[in-house]
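>>> no sequence for this one, just the structure:
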């Protein structure tokens, strides 16, 4: 197990290095002039240009800047913003918790409802519940994030206010509210600001997870060992939970792991629609300003989190199905 984890960790670090390197190179290819961003002038005199280049290390070659960047990163320094001289580390500390809380609840909704509804639909195959959940799952998978967000804002925020519904039935449509949390648990009225963006963030993949869970569960329920368990007289709940669910979770775990990686892209749109101050909206704002240190620094952290999520999926696979670990060890 230890050698398996070491190999997977090495592969994850290699992926992070490759992704960050590609992003670094791309910033030298896209149009834009860093000096103009730093100086704030339309015309920059040669002496000012040289001063700015020396101060920010832009007088070095691309290779020199690349080495300098990794030297800073390995010492825990992600750099400073070109536009306002703010530390990227400071921006990360301010916004990371907001994104993490939103992602946690979005992922929780996905897992609980996606797997739960998928398993129930498989157990009650071809019933009205199965048909309805299948239709809803396909609909959710096809609705764009910003459209679903605007619909929820209008239906649960704007219209209830116009119709003078009670306060508990109205949901805020913008912002993060009082920012009262116990780690990831919202306190007081904080949950009202969280619920709509969390639902939007979750709905994108909940339908997909539901369909995958249903298909995988149907396949497992038709397996020989499940039939044997039923023939022994075991209760249906015992057969489903102890014998079928564990194996049925393997494909779903892969989807969830990929979703954690792709969750950031969805969060950019979600945070934009609901004006949620997280990493996604921050990267979007600084990307429009072509502020390379902020975008590269925060995106590198996101890539690192994605690689770690992929590593956890591999570990989860090896725990749920030891044959995966053993097969990998034999091949190596």
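Yep, it's here. None of the values given here were measured: they were computed from a predicted structure.
>>> CA only for contacts and neighbour counts going forward, please
Will do.
>>> What residues does the closest residue to residue 312 other than its chain neighbours make contact with?
The shortest distance from residue 312 to any non-neighbouring residue, by Cα to Cα, 6 or more residues apart in numbering, is to residue 257 (7.9 Å). Taking Cα atoms under 8 Å, 6 or more residues apart in numbering, we find residue 257 in contact with 309, 310, 312, 313.
>>> quick check, nearest of those residues to residue 56?
Closest to residue 56 out of the contacts of residue 257 is residue 309 (33.7 Å), distances taken as Cα to Cα.
>>> So the residue nearest to that closest one when sequence neighbours are not counted versus residue 251, what's the distance?
Leaving out its chain neighbours, the residue that sits closest to residue 309 by Cα to Cα, 6+ apart is residue 257, at 6.2 Å. Using Cα to Cα, to the nearest Å, residue 257 is found at 10 Å from residue 251.
>>> and what of residue 227?
Distance, residue 227 to residue 251, by Cα to Cα: 21 Å.
>>> Among these two, which residue is more densely surrounded?
The neighbour comparison of residue 227 against residue 251 (other Cα atoms under 10 Å) goes to residue 251, with 16 against 13.
>>> Past the strand or helix carrying residue 226, which element shows up next along the chain?
Under the criterion of DSSP states H and E, residue 226 resides in helix 224-231. Counting by DSSP H and E, the next helix or strand C-terminal to helix 224-231 is helix 236-238.
>>> In the protein, where is pLDDT below threshold?
Where the chain drops to pLDDT under 70, the residues are 1, 28-44, 265, 320-332.
>>> how about it, which residue sits the furthest from its center?
Distance to the chain centre peaks in the chain at residue 47, reaching 44.4 Å (criterion: Cα atoms, centre = their mean).
>>> Tell me how far that residue lies from residue 62.
Distance, residue 47 to residue 62, by Cα to Cα: 21 Å.
>>> and what of residue 55?
For residue 55, the distance to residue 62 - Cα to Cα - is 16 Å.
>>> helix/strand/coil for the residue farthest from the centre of the chain?
Classification of residue 47 by DSSP: H, G, I helix; E, B strand; the rest coil places it in helix.
>>> What's the separation between it and residue 54?
For residue 47 relative to residue 54 (Cα to Cα), the value is 11 Å.
>>> And for residue 96?
31 Å.
>>> Look at the two and report which has more neighbours.
residue 96 (18 against 12).
>>> what sits against the residue nearest in space to the middle of the chain?
What sits nearest the mean C-alpha location of the chain, by Cα atoms, centre = their mean, is residue 263, with 2.4 Å. Residue 263 is in contact with 103, 201, counting by Cα under 8 Å, 6+ apart.
>>> Just the element for it, please.
Under the assignment here (DSSP H and E), residue 263 is part of helix 245-273.
>>> How about stretch 242-250, which residues are buried there?
Residues of stretch 242-250 classed as buried: 243, 244, 245, 247, 248, 249, 250 (neighbour count, 16 or more other Cα atoms under 10 Å).
>>> One more: stretch 50-62?
Applying 16+ other Cα under 10 Å to stretch 50-62 flags 52, 53, 58 as buried.
>>> all strands for this protein, in order.
Remark: strands assigned in the chain by DSSP state E are 181-182, 185-186.
>>> most packed of those strands?
strand 185-186 (a mean of 14; mean count of other Cα atoms under 10 Å).
>>> Run the chain-centre distance for that strand.
Relative to the centre of its chain, strand 185-186 is centred 19 Å away, using Cα atoms, centre = their mean, to the nearest Å.
>>> Number the chain from 450, please
Understood, numbering begins at 450; the last thing we discussed is strand 634-635.
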